[in-house]
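Trainee: structure of the sequence below:
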Amino acid sequence: MKYDTVIIGAGLSGLAAAIRLAHFGGKVAVLERHYRVGGLNSFYRKDRRDFDVGLHAMTNYAPHGPKSAPFQKLLRQLRLREEEFSLVPQTQSRIVFPGVTLPFGNGIESLTASVADRFPSQADNFRRLVEEVLAHDELNLANRWSSARQRVAATLTDPLLVDMLFLPLMYYGSADEEDMDFTQFVVMMKAVFCEGFCRPAGGMRPVLDRLLARCEEAGVEIHLRTGVASVEVADGKVTGVVTDAGDRIGCDAVLSSAGNVETARFCPASVADGEASPRAGRMSFMESIHVMKAPVADEATIVFFNRTDRLRYRKPDALIDLDSGVVCMPGNFAYTADRPAPAEADRTVRITSIADPDRWRTLEGDAYADAKERMGIEQRTAASFAVPAVGGDVVYHDIFTPRTVERFTGHVNGAVYGSPDKRRDGKTGVRGLSLIGTDQGFLGIVGSMLSGISIANQLMTERK
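Mentor: A predicted model of the protein is given here:
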């Protein structure tokens with residue numbers, strides 16, 4: 001078998017890259033180790049209930065927005081229509097610290113008003129920060145890492161406000177501990193605050209179904225239960241891949257969504273000469289899904305909370321960090337008659353906490369199961385600081401740990417946002433081998449697809 005391009009991983013970046021390359025007439029194969037596409041943003045059915053994996057919300061909500069808006073760009077590049085995503089916007093979300101709450105909705109005007117109300121002395125500073133964010137070109141692939149903490153603190157002089165802004169942006173997109181790259185801060189600031197949250201009315205399944213349909217229409221071959229064991233390299237250039245089953249597949253290029261560290265391990269040791277070894281990510285999470293006995297008595301869509309005066313975003317010295325977290329209530333999006341809420345959505349709560357992959361890795365059998373149950377209870381107790389309704393009676397729950405993430409994505413340490421060492425141009429030490437997805441630097445549902453698209457476009461330009 002010989003292809004123009006082999007794509008490792010059928011997550012959102014892989015599917016988007018495949019569709020885009022096929023538009024240029026390329027022969028494309030997508031290899032996925034698991035039995036279902038979607039990666040970190042898939043779905044599953046358990047005990048007669050349907051659940052999304054990972055999805056709290058889509059960011060970059062810009063319905064009928066300008067052509068430059070990320071979501072609109074995605075639609076054009078994949079030849080999709082906005083209606084095919086069936087999006088519903090958030091109602092209102094909030095950031096909660098002891099004694100201070102910042103509510104926000106879609107569009108930067110909402111957060112700007114909240115900052116002016118809660119932090120009047122910072123109102124002008126915040127507007128200057130927004131101007132700086134809007135002026136920054138986050139798509140410039142030549143951008144290098146710089147401390148967002150330092151850049152933001154140079155404009156905002158209240159440490160509490162700085163922490164409150166960083167809480168949702170870090171939880172939804174930082175592979176770094178205690179800080180994040182300024183370009184990534186800009187990406188997340190625009191995605192979360194300047195544009196905002198939405199959700200596919202039917203969850204991830206119809207979105208993935210539409211992407212699979214586009215793949216089929218474009219002639220993309222998708223091979224499930226087909227993991228990659230190694231990437232073949234000759235004279236510094238990709239020549240093919242070898243699957244877990246030992247089959248060789250020839251190709252001229254490989255796009256890998258496996259991650260920076262993980263992709264390096266696919267390659268012969270000799271090709272890494274002269275290349276700095278990427279660091280494995282340390283930031284992983286535990287997430288629990290709870291179906292409550294009664295509808296959730298809270299109007300917020302997503303609540304980001306911190307129970308102490310200062311934010312700590314790093315691998316904890318415990319199974320999970322109970323001082324901060326995220327509570328998503330999927331029933332509180334603005335559903336309509338033609339875009340109705342999924343079954344049990346009004347009784348469903350998702351809670352996310354930072355977790356230590358090393359401690360979870362040491363547990364086996366009953367000890368692992370017991371720890372999940374215990375941490376699920378403690379997690380709900382902590383979250384009730386900001387959302388009292390999560391302390392109610394639960395009729396069903398399911399829990400995911402860093403081990404779950406590592407098993408289903410292959411990310412070392414279950415690092416949801418991959419390595420802190422991003423490669424914005426996607427380039428590796430091997431000609432024809434590029435990164436897409438998390439470690440190329442674009443995160444989130446929209447960002448992942450744009451990552452696949454941008455590197456696919458770059459590949460096609462290089463082939464001309």
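Trainee: where do the strands sit along the stretch 251-400 of the chain?
Mentor: Along the stretch 251-400 of the chain, the segments classed as strands by DSSP state E, counting those that start in this stretch run 284-292, 302-306, 324-328, 348-355, 394-400.
Trainee: what domains does the record give for this structure?
Mentor: Using automatic domain parsing, the domain parsing of the chain gives 2-84+202-279+420-463, 102-194, 282-416.
Trainee: out of those domains, nearest to residue 90?
Mentor: Residue 90 lies closest, by Cβ to Cβ, to one member of the domains of the chain: domain 282-416, at 3.9 Å. The way it works is simple: take the backbone N, C-alpha and C, and place the C-beta from them, glycine included.
Trainee: and residue 145, which of the three is it?
Mentor: coil (DSSP: H, G, I helix; E, B strand; the rest coil).
Trainee: residue 384 contacts residue 391, correct?
Mentor: Yes: using Cβ atoms under 8 Å, residue 384 is in contact with residue 391, at 4.2 Å.
Trainee: in whichever strand or helix holds residue 131, what's buried?
Mentor: Element membership for residue 131 (DSSP states H and E) is helix 123-135. Residues of helix 123-135 classed as buried by neighbour count (16 or more other Cβ atoms under 10 Å): 125-126, 129-130, 132-133.
Trainee: hmm, which two among the residues you listed are most spread apart?
Mentor: Going by Cβ to Cβ, the pair spanning the buried residues of helix 123-135 furthest: 125 and 133, at 12.7 Å.
Trainee: ok, which stretches of the stretch 51-200 of the chain are strands?
Mentor: Counting by DSSP E, counting those that start in this stretch, the strands of the stretch 51-200 of the chain are 87-89, 93-97, 100-104, 198-200.
Trainee: tell me which of these sits most buried.
Mentor: Greatest average neighbour count among these goes to strand 198-200 (a mean of 27), per mean count of other Cβ atoms under 10 Å.
Trainee: which residues does that one contact?
Mentor: 55, 57-58, 61, 85-90, 106, 206-207, 330, 333 (Cβ atoms under 8 Å, 6 or more residues apart in numbering).
Trainee: repeat the analysis, applying 7 Å as the threshold.
Mentor: 57-58, 61, 85-90, 206-207, 330, 333 (Cβ atoms under 7 Å, 6 or more residues apart in numbering).
Trainee: how close does the spatially most distant residue from the centre of the chain get to residue 167?
Mentor: Taking Cα atoms, centre = their mean, the residue of the chain most remote from its mean C-alpha position is residue 235, at 35.0 Å. As judged by Cβ to Cβ, to the nearest Å, residue 235 and residue 167 stand 48 Å apart.
Trainee: with respect to residue 415, which of the strands of the stretch 251-400 of the chain lies nearest?
Mentor: strand 284-292 (5.6 Å).
Trainee: so what does the closest one touch, helix or strand wise?
Mentor: Packing partners of strand 284-292 (3 or more Cβ pairs under 7 Å, 6 or more residues apart in numbering; DSSP states H and E): strand 348-355, helix 365-383, strand 394-400.
Trainee: quick one, helices of this protein?
Mentor: Assigned by DSSP state H, the chain shows helices spanning 12-23, 70-78, 108-118, 123-135, 148-153, 159-171, 182-189, 204-218, 260-266, 357-361, 365-383, 402-409, 444-463.
Trainee: starting at the chain centroid, how far to the second one?
Mentor: Distance of helix 70-78 from its chain centroid, counting by Cα atoms, centre = their mean, to the nearest Å, is 18 Å.
Trainee: ok, the first one next?
Mentor: Counting by Cα atoms, centre = their mean, helix 12-23 is centred 18 Å from the centre of its parent chain.
Trainee: just give me how far stretch 222-240 sits from the chain centre.
Mentor: 25 Å.
Trainee: contacts for it, please.
Mentor: By Cβ under 7 Å, 6+ apart, stretch 222-240 touches 8, 10, 29-35, 215, 241-244, 248-251, 253-254, 266-268, 271, 430-433.
Trainee: switch to 8 Å and redo it
Mentor: Stretch 222-240 is contacted by residues 6, 8, 10, 18, 29-37, 212, 215, 241-246, 248-254, 256, 258, 263, 266-268, 271, 430-433 when judged by Cβ under 8 Å, 6+ apart.
Trainee: repeat for stretch 186-194
Mentor: In contact with stretch 186-194 (Cβ under 8 Å, 6+ apart) are residues 59-60, 70, 104, 107-108, 111, 130, 133-134, 136, 138, 165, 168-169, 172-174, 180, 442-444, 446-447.
Trainee: cool, and stretch 363-370?
Mentor: With Cβ under 8 Å, 6+ apart, stretch 363-370 has contacts from 360, 371, 403.
Trainee: quick one: residues contacting residue 290.
Mentor: Residue 290 is in contact with 348-351, 376, 380, 390, 394, 396-397, counting by Cβ under 8 Å, 6+ apart.
Trainee: sorry, back to before: to residue 303, which of the helices and strands packed on strand 284-292 lies closest?
Mentor: Per Cβ to Cβ, nearest to residue 303 of these: helix 365-383, 8.0 Å.
Trainee: how far does the closest one sit from its chain's centre?
Mentor: That offset, for helix 365-383, works out to 24 Å (Cα atoms, centre = their mean).
Trainee: could you list the buried residues of it?
Mentor: Those buried within helix 365-383 under the rule 16+ other Cβ under 10 Å are 371-372, 375-376, 379-380, 382-383.
Trainee: export the residues you listed as TSV, with columns for pLDDT.
Mentor: Shown next, in TSV, are the buried residues of helix 365-383 (pLDDT from 0 to 100):
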residue	pLDDT
371	97
372	96
375	96
376	95
379	97
380	95
382	97
383	97
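Trainee: show me what contacts residue 54?
Mentor: Applying Cβ under 8 Å, 6+ apart, the residues near residue 54 are 40-42, 287, 416.
Trainee: need these in TSV (columns: distance to residue 344).
Mentor: Listed next are the contacts of residue 54 as TSV, based on distance: Cβ to Cβ, whole Å:
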residue	distance to residue 344
40	23
41	20
42	19
287	17
416	25
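Trainee: from those residues, which is closest to residue 145?
Mentor: Closest to residue 145, out of all of the contacts of residue 54 and judged by Cβ to Cβ, is residue 416, at 19.1 Å.
Trainee: that closest one: neighbouring residues, count only.
Mentor: 24 (other Cβ atoms under 10 Å).
Trainee: what sits against it?
Mentor: By Cβ under 8 Å, 6+ apart, the neighbours of residue 416 are 40, 54, 281, 283-285, 405, 438.
Trainee: out of those, which comes closest to residue 302?
Mentor: Among those, and counting by Cβ to Cβ, the member closest to residue 302 is residue 54, at 13.8 Å.
Trainee: what's the pLDDT at the closest one?
Mentor: The per-residue pLDDT reported for residue 54 equals 77.
Trainee: gap between it and residue 283?
Mentor: Distance from residue 54 to residue 283, by Cβ to Cβ: 14 Å.
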